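Chemist: what follows is a predicted structure for the sequence shown.
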Amino acid sequence: MSVASYIYANVDNIIKYCQINPSELEMLFSIEKSKEIFDINYAFFIEINNIDNSNNKKSNDRYKRDVFEVRGIKVRVTNDWYPWNIEYFTEYLKQRNIDPVNKPIIKKERIEEKKYKHVFQDDIKEAFSKWMINIEEKKTGTAYNYSNSIDKISQHYTKNNSAINLYKEPNISEIRKLITIYDTGGDYSSFGSKYKRLHINALKTYIRYLESNIQNDNLEFEINEITIEEEPLKTDINSISYKKLINKYTEIIKKYPYPIVTKNVISFLLTILPKTTENWWKNTVLDFLTDEELHNNKKENFDNFDLVPLLNIMIQNFEKIKKICYFNYENRDMIYNMKKVRNHIAHLTKARYQQLDDLLFDFEIIQKFMKLICIGQENINIEIKELQNIKLDIMRDIIQSS
């Protein structure tokens, strides 16, 4: 059973619950509450009279065609469902004592030695087609056209730029770059928009498939294996040698918000924001600055911007950025997490980093954030690899200090 089929199989029981709990129906009409409960981008229910094709959040395409009646109101259910929604939905049923009907088992493919479990190109293509039909419930013809489009994009990019095979060497970071190139405003947008945007839509669907089936960005890192004993490590955090390690890595982490993360955020924003709107500087930057920030940044560039307003600009423009880079809402959380780490480092106290584990956690967030914004930036991979090596050094020191 597919994810969507699981959801729809339980709609009748949800309707019964709403019949005796009127406030529940009102909550399921809310986009914000539905996001909070199910991690979806649209209201769970919509009144059929409120369908509005001029509003993306309420358009006909976002809702299953079946019509249900709840407390005398005719409604439709959103079709915006993905594997990660299962646990949210199941928890929702559990909290209301609703017995779930036919919960599916979604198997995640793992990367083995930096390659897919599907070793051969045709296997990935076939798996992609099946995923579109079974998980996204696309028609067989659409899945066929989309899977062939990935081949055509590979051929087009190879002919006009450099050799690439998206099925043989799938890489999320590289595909995000391709989306900016083939989408509106990109160098190859005319090819991407062919046949009613068939190619660009196929590319965006392909990245959804990859993100749902792999657990990392498959960047070309050589990560040495570290064996950690099964018994809990016992570390004397008050020892002089341990405190020296804390001081060493604290000094290293201090350099990351300024200038490394800041310069890469600026590069990212300069690449993406001009694609979002015609008067992009005003609409995506100036409109979101405080009076103090406006006073300090009068020139039309990011030269004097602190990391905090830059991250705020990313957050405020997330919906626009999301459409171009095909981010998801977990990516938005990563921006917030980066902001927290910046504040940790900007207001360092003796209490902040008392253990290497705390430093390791913040380095992990910085690395994930850097991977997120690496679109169109070649040198950033060197800095990400440096972060990986620092993390490995910390892990070794944690073990050796035990």
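Modeler: Received it, and whenever you're ready, just let me know what you need. The shown structure was predicted, so the numbers you read here are calculated from the model rather than taken from an experiment. Numbers count the residues shown, from 1 in each chain.

Chemist: who touches stretch 13-31?
Modeler: For stretch 13-31, the external contacting residues (C-beta atoms under 8 Å, 6 or more residues apart in numbering) are 33-34, 37, 41-47, 57, 68-71, 73, 93, 96, 98-99, 101. Heads up, the C-betas are built off the backbone N, CA and C, glycines and all.

Chemist: inside strands: which ones of these?
Modeler: Among these, the ones falling in strands (DSSP state E) are 45-47, 68-70, 73.

Chemist: give the rounded mean pLDDT of stretch 70-85.
Modeler: On average, the pLDDT along stretch 70-85 is 86.

Chemist: start to end distance for it?
Modeler: The stretch stretch 70-85 measures 23 Å between its terminal residues, going by C-alpha to C-alpha, to the nearest Å.

Chemist: now flag whichever of the ones in strands among the contacts of stretch 13-31 is closest to residue 275.
Modeler: Nearest to residue 275 out of these is residue 46 (C-beta to C-beta; 30.3 Å).

Chemist: beta partners of the closest one?
Modeler: Here residue 46 sits in beta bridges with residue 76, as judged by DSSP bridges.

Chemist: the stretch 201-350 of the chain: strands as residue ranges?
Modeler: Listed in chain order, the strands of the stretch 201-350 of the chain (DSSP state E, counting those that start in this stretch) amount to none at all.

Chemist: all helices of it, in order?
Modeler: If you assign secondary structure with DSSP state H, counting those that start in this stretch, the helices in the stretch 201-350 of the chain sit at 240-254, 262-272, 280, 291-296, 307-316, 318-325, 329-346.

Chemist: any buried residues in the second one, and which?
Modeler: By that I understand helix 262-272. Neighbour-count burial for helix 262-272, with 16 or more other C-beta atoms under 10 Å as criterion, is recorded at 262-269, 271-272.

Chemist: and the next element down the chain from that helix?
Modeler: Stepping forward along the backbone from helix 262-272, the first helix or strand reached (DSSP states H and E) is helix 280.

Chemist: OK, contacts around residue 335?
Modeler: Remark: with contacts taken as C-beta under 8 Å, 6+ apart, residue 335 is in contact with 311, 314-315, 318, 369, 372.

Chemist: mind checking which of the contacts of stretch 13-31 are buried?
Modeler: In these, the ones that pass as buried (16+ other C-beta under 10 Å) are 34, 37, 41-46, 68, 70, 93, 101.

Chemist: show me the two of these that sit farthest apart.
Modeler: By the measure C-beta to C-beta, the buried ones among the contacts of stretch 13-31 have their two most distant members at 41 and 101, which lie 24.1 Å apart.

Chemist: may I have the helix or strand encompassing residue 157 as PDB, with CA atoms only?
Modeler: When secondary structure is defined by DSSP H and E, residue 157 falls within helix 140-160. What follows is the C-alpha trace of helix 140-160 in PDB, where atoms were taken according to Å, rounded to 0.1, in the frame of the first residue of the first chain:
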ATOM      1  CA  THR A 140       2.300   5.200 -15.800                       C
ATOM      2  CA  GLY A 141       2.700   7.400 -18.800                       C
ATOM      3  CA  THR A 142       3.900  10.400 -16.700                       C
ATOM      4  CA  ALA A 143       6.400   8.100 -14.900                       C
ATOM      5  CA  TYR A 144       7.700   6.800 -18.200                       C
ATOM      6  CA  ASN A 145       8.100  10.400 -19.600                       C
ATOM      7  CA  TYR A 146       9.800  11.700 -16.400                       C
ATOM      8  CA  SER A 147      12.300   8.800 -16.200                       C
ATOM      9  CA  ASN A 148      13.200   9.300 -19.900                       C
ATOM     10  CA  SER A 149      13.600  13.000 -19.300                       C
ATOM     11  CA  ILE A 150      16.400  12.400 -16.800                       C
ATOM     12  CA  ASP A 151      18.300  10.600 -19.600                       C
ATOM     13  CA  LYS A 152      17.600  13.500 -22.000                       C
ATOM     14  CA  ILE A 153      18.900  16.100 -19.500                       C
ATOM     15  CA  SER A 154      22.100  14.000 -19.000                       C
ATOM     16  CA  GLN A 155      22.500  14.000 -22.800                       C
ATOM     17  CA  HIS A 156      21.800  17.700 -23.200                       C
ATOM     18  CA  TYR A 157      24.200  18.800 -20.400                       C
ATOM     19  CA  THR A 158      26.900  16.400 -21.700                       C
ATOM     20  CA  LYS A 159      26.600  18.000 -25.200                       C
ATOM     21  CA  ASN A 160      26.600  21.600 -24.000                       C
END
